[in-house]
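>>> I would like the atomic coordinates for the input below:
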Amino acid sequence: QVQLVESGGGLVQAGGSLRLSCAASGRTFSSYVMGWFRQAPGKEREFVGYIRWSDGSTYYVDSVKGRFTISRDNAKNTVYLQMNSLKPEDTAVYCCAARSSPYGISWLSPRGYDYWGQGTQVTVSS
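All right, here's what the predicted structure looks like:
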């Protein structure tokens, strides 16, 4: 089992920044990829980006490229989501998720992840 705890959400004005953290505990060695997803009210969960534990390689959805950055601290078993130039449309509950295997369902799909955090609210005011 892997336990994930997000923190760092809050209320920010458009154009501002926030950094979310996702602390992993438990069988963290079994995690291959850490993903960030978000879900706005009335909308489906949306992929934001992922980072691979081994080499730190990342991938982002087009809507956040150039604004969001995912990083990790292996020693702390923590993944970060740095969000800059925030827009009102970024308002959502943000969740981190862990994936155990590189194979199978797409890394961009929430169904491809085995463990989830509880989420943290990000609200961007205009």
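>>> where in the chain is pLDDT low?
In the predicted model, the chain carries pLDDT under 70 at residues 29-30.
>>> Just list whatever residues bridge to the most centrally placed residue in the chain.
With distances taken as C-alpha atoms, centre = their mean, Trp36 lies nearest the centre of the chain, 2.0 Å away. As for beta bridges, Trp36 partners with Gly49, Cys96 under DSSP bridges.
>>> mind listing what's buried in the helix or strand harbouring Met34?
Met34 belongs to strand 33-39 when assigned by DSSP states H and E. By 16 or more other C-beta atoms under 10 Å, the buried positions in strand 33-39 come out as Val33, Met34, Gly35, Trp36, Phe37, Arg38. Just so you know, the C-beta spots here come from the backbone N, C-alpha and C atoms, and that holds for glycine as well.
>>> Ok, stretch 41-58 next?
By neighbour count with 16+ other C-beta under 10 Å, stretch 41-58 contains the buried residues Arg45, Glu46, Phe47, Val48, Gly49, Tyr50, Ile51, Arg52, Trp53.
>>> possible to save the residues you listed as JSON lines with distance to Trp107?
Putting those into JSON lines (distance: C-beta to C-beta, whole Å) gives the following:
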{"residue": "Arg45", "distance to Trp107": "14"}
{"residue": "Glu46", "distance to Trp107": "14"}
{"residue": "Phe47", "distance to Trp107": "8"}
{"residue": "Val48", "distance to Trp107": "12"}
{"residue": "Gly49", "distance to Trp107": "10"}
{"residue": "Tyr50", "distance to Trp107": "6"}
{"residue": "Ile51", "distance to Trp107": "11"}
{"residue": "Arg52", "distance to Trp107": "9"}
{"residue": "Trp53", "distance to Trp107": "13"}
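>>> and which of these is nearest Asp90?
Taking C-beta to C-beta as the measure, Val48 is the one of the buried residues of stretch 41-58 closest to Asp90, at 9.3 Å.
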